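1. Any chance you could fold what I've pasted below:
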Amino acid sequence: METWLVTGGAGFIGCNFVRLALAECEARVVVVDKLTYAGHLENLEALRGHERFHFEQSDIADREALRRIFLAEQPSAVLNFAAETHVDRSIDGPGEFVRTNLVGVFELLEASRALLAESSPAQRDAFRFLHVSTDEVYGSLGPTGSFFEDTAYEPNSPYSATKAGGDHLVRAYHRTYGLPTLISNCSNNYGPFQFPEKLLPLMTLNALDAKPLPIYGDGGHVRDWLFVDDHCRGVLAVLRGGRVGEKYNLGGNCERSNLEMVDALCEELERAAPVVENAAMARAGASSYAELRSFVEDRPGHDRRYAIDATRAREELGWAPQHDLQSGLALTVRWYLENLEWCRAVQAGRYGGERLGLATAQKSRA
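-> So this is what the prediction gives:
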């Protein structure tokens, strides 16, 4: 039986991938996760006792811990979902992003290289190191155009800069050491198990409590939105059929501004949790969720637009997203409405819905 080592498997995208892998593949899945504020055992609770699932709490930047795990598990594939991901937090504290997104990737690559040095030729040929990255490494687009796999990197935040550095390390280890690597760069994910600091879960929970829906700047920043299950299926397609040494863009073909996404979310909430049935909205004297929208100071260095061209993944791997925005939002909103206890549990003592990412701007005015 193959063993897949999934780092960051207790986080948002990682836990969705682990579920997919166990449901549709035959591999044994070993999750390695540090369990930071955004990685939770609650995300994996339903998998407890599964015969092909094993969990290891560890930091991917911990060299000795990684070597122990690699030696014990002998993985045939490493899928690196582990990352600090929230741009606002990278503005307030970039150090953790450097540790995980750069040093952690380096240690994973070194552990993989050491493993292959002791492996048979057949094992080396079958091994894959798949690094899951982001479209933010490419920087910001104007009103037209898309990111391609050969688009030059121009990261504009500490988060995207550290992710770009990780991508470069992965590419270099393939070119220098012959490590069988793959890279995927995805657009903005949304869906179940996303920590409530991100736009859609934060807006959902705020709306249910009749709190303001804070929108950065003029709300015109555009993202390509991708339902998390579609992304996970794309990662699986890259693992199974991607050409060693290549990278694949995975996008939702769903460009929307932040304001458009909030409006669409408000419409879906009205269908799933009508305002007339929401006591908090009645107390606030609000007749629609859209009335809660509030425009706030923009994020420093906020990229204006991202858009992914996923032609390579479609033509080489046969992958394409299966969810449009309406179906993806409906599934997402329903999940959060049915899992409010999860939301309370993962936020407890860690995050209270406060605004992050203004530290640099505040200091520059001081």
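2. quick one, phi psi at the nearest residue to residue 127 once chain neighbours are set aside?
-> The shortest distance from residue 127 to any residue other than its chain neighbours is 5.4 Å, reached at residue 180 (CB to CB, 6 or more residues apart in numbering). Bear in mind the C-beta positions are built from the backbone N, C-alpha and C, glycine included. Residue 180 adopts backbone torsions of phi -80, psi 90, taken as degrees, to the nearest 10.
3. Tell me the pLDDT of residue 180.
-> As predicted, residue 180 sits at a pLDDT of 98.
4. burial of it, as a residue count?
-> By other CB atoms under 10 Å, the residues close to residue 180 number 18.
5. And for residue 341?
-> Residue 341: 9 neighbours (other CB under 10 Å).
6. mean confidence score for the helix or strand containing it?
-> Assigned by DSSP states H and E, residue 341 belongs to helix 340-347. Mean pLDDT, helix 340-347: 95.
7. Which residues does it contact?
-> With contacts defined as CB atoms under 8 Å, 6 or more residues apart in numbering, helix 340-347 is touched by 40, 42, 193, 195, 196, 201, 205, 208, 336, 353.
8. where exactly do the strands run in the stretch 201-350 of the chain?
-> Here the stretch 201-350 of the chain has its strands, by DSSP state E, counting those that start in this stretch, at 213-216, 222-227, 247-250, 255-257, 293-296.
9. Dump those strands into CSV; add mean pLDDT, mean neighbour count and distance to residue 47 as well.
-> Output for the strands of the stretch 201-350 of the chain, formatted as CSV (pLDDT from 0 to 100; neighbours: other CB atoms under 10 Å; distance: least, CB to CB, whole Å):
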stretch, mean pLDDT, mean neighbour count, distance to residue 47
strand 213-216, 98, 20, 33
strand 222-227, 98, 24, 21
strand 247-250, 98, 25, 24
strand 255-257, 98, 17, 32
strand 293-296, 97, 14, 38
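10. now for those strands, which one comes closest to residue 61?
-> Closest approach to residue 61 among the strands of the stretch 201-350 of the chain (CB to CB): strand 247-250, 23.2 Å.
11. ok, the contacts of helix 340-347 vs residue 292, which is closest?
-> Nearest to residue 292 among those, counting by CB to CB, is residue 208 at 10.4 Å.
12. so what's that closest one up against?
-> 269, 273, 278, 280, 337, 340.
13. Who wins on neighbours among those residues?
-> Within these, most neighbours by other CB under 10 Å means residue 269, with 23 neighbours.
14. quick one, what contacts it?
-> Applying CB under 8 Å, 6+ apart, the residues near residue 269 are 204, 207, 208, 289, 333.
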